[in-house]
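**Q** how would this look folded up:
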Amino acid sequence: MGTLVQFAAGGADDTAVSQALDAAERAVAQVDALMSFHSEDSELTRVNRLAHHAPQRVSAWTYAVLRRAQRLSELSAGLFDVCVAPILVRQGLLPRTGAVPSEQANWRDIRLLPDQHVSFARPLLIDLGGIAKGFAVDMAIHALRRAGCTQGAINAGGDLRRFGAHAETIHLRRGDDLVPVAQLRCGAVATSSPNWAKVQFSEGALGHILDPRNGEHWRGVGSVMVATRTCVVADALTKVAALAGPACRSLLERFGAQAYWDAVSQ
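**A** Numbering: from 1, shown residues only. Alright, predicted model coming up:
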């Protein structure tokens with residue numbers, strides 16, 4: 001998934017906990033295998049290649065992520081849009097595919113059909129990198145809970161979900177320092193920051209968060225953290241919160257989410 005994933009769990013039976021951690025790792029690996037833009041064999045790659053020709057049947061997990069992405073796109077008026085992949089490809093941040101997507105394509109061109117089928121109204125490329133990592137964290141947490149763990153935490157590069165009897169201090173990175181911002185016992189947080197790419201334009205470094213309205217990268221200098229019940233929602237909403245700032249609070253409230261904008265970036 002392009003990031004380090006940390007797994008932690010506890011319970012009454014050490015053997016059961018070990019097996020639960022193995023199951024959690026398999027869940028993360030499965031999400032990566034299904035939804036990786038970088039893999040020629042992933043389900044996402046097949047959909048990107050064929051869905052504008054004929055409906056493609058996908059797994060329940062991929063369909064669930066696409067459905068959540070569509071909902072978030074609708075509620076954010078397109079501020080979250082998985083169809084920004086062509087821009088990332090042109091800038092060398094995603095691998096070239098040989099596809100020629102329509103320049104006008106957006107989230108409205110994705111058709112979610114019955115029986116887990118997906119079609120595209122026109123040629124397009126989608127990238128689930130802004131939401132699938134949070135989904136992987138959620139699936140790993142479900143694996144720990146199903147196995148009877150009494151506490152657990154999964155952290156995938158700043159996308160964190162945990163449960164248990166004791167709270168953990170959540171930190172936000174500010175430069176070389178970690179700033180404590182909250183206590184989390186059960187729930188999820190996700191963080192977005194200007195993770196500058198190696199690609200440079202004359203006006204400065206590029207960030208990885210794209211604004212679908214104009215194709216420009218977010219140029220914030222601090223970080224944004226979103227806390228809510230599930231990591232898949234927190235992951236996606238950090239992009240909206242980064243681009244919209246505090247103006248998106250009403251949207252956050254619809255998901256029972258809260259955001260923290262680093263003072264340095266405001």
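**Q** Correct me if wrong: Gln142 contacts Ala27.
**A** Careful, residue 142 is His and not Gln. Yes. Assessed by Cβ atoms under 8 Å, His142 is found in contact with Ala27 at 7.4 Å. For glycine as for every other residue, the C-beta is placed from the backbone atoms N, C-alpha and C.
**Q** Geometrically speaking, which residue is the centre of the protein?
**A** Ile131 (2.2 Å; Cα atoms, centre = their mean).
**Q** What separation do you get for Arg254 and Leu237?
**A** 10 Å (Cβ to Cβ, to the nearest Å).
**Q** nope, Gln116 is what I meant
**A** In terms of Cβ to Cβ, Gln116 sits 25 Å off from Leu237.
**Q** who has more neighbours, these two?
**A** Neighbours were counted for Gln116 and for Leu237 using other Cβ atoms under 10 Å; Leu237 has more, 30 against 18.
**Q** what's the closest non-adjacent residue to the more buried one?
**A** Val226 (4.6 Å; Cβ to Cβ, 6 or more residues apart in numbering).
**Q** And the next helix or strand past the helix or strand that contains the one you found?
**A** Element membership for Val226 (DSSP states H and E) is strand 224-228. Later in the chain than strand 224-228, the nearest helix or strand by DSSP H and E is helix 231-244.
**Q** list the helices and strands that next one packs on?
**A** helix 60-75, helix 132-146, strand 159-163, strand 187-192, strand 224-228, helix 249-254, strand 258-261 (3 or more Cβ pairs under 8 Å, 6 or more residues apart in numbering; DSSP states H and E).
**Q** how far does the first one sit from the chain's center?
**A** To tie it back to what came earlier, the one meant is helix 60-75. Centroid separation for helix 60-75 versus its chain: 11 Å, with Cα atoms, centre = their mean, to the nearest Å.
**Q** One more: the third one?
**A** Mean C-alpha position of strand 159-163 versus that of the full chain (Cα atoms, centre = their mean) differs by 13 Å.
**Q** just the strands in the stretch 1-150 of the chain please.
**A** 5-10, 56-57, 110-113, 117-120 (DSSP state E, counting those that start in this stretch).
**Q** contacts for the shortest one?
**A** The reference is to strand 56-57. 46-47, 50, 115-119 (Cβ atoms under 8 Å, 6 or more residues apart in numbering).
**Q** how about Ala182, secondary structure?
**A** strand (DSSP: H, G, I helix; E, B strand; the rest coil).
**Q** so how far is Asp115 from it?
**A** Applying Cβ to Cβ to Ala182 and Asp115 gives a distance of 41 Å.
**Q** repeat for Ala99
**A** Per Cβ to Cβ, Ala99 is found 25 Å from Asp115.
**Q** ranking the strands of the stretch 1-150 of the chain by burial, who's on top?
**A** Sort the strands of the stretch 1-150 of the chain by mean neighbour count, taking mean count of other Cβ atoms under 10 Å, and strand 117-120 sits at the top with a mean of 19.
**Q** centre of the chain versus that one, how much separation?
**A** That offset, for strand 117-120, works out to 21 Å (Cα atoms, centre = their mean).
**Q** Show me what it is packed against.
**A** With contacts defined as 3+ Cβ pairs under 8 Å, 6+ apart, strand 117-120 has these neighbours: strand 56-57, helix 60-75, strand 110-113.
**Q** Could you list the residues in contact with it?
**A** Identification of contacts with strand 117-120 by Cβ under 8 Å, 6+ apart yields 47, 51-52, 54-58, 62-63, 66, 105, 109-113.
**Q** Go ahead and confirm Leu79 touches Ile209.
**A** No. In this structure, Leu79 is not within contact of Ile209 by Cβ under 8 Å, at 10.6 Å.
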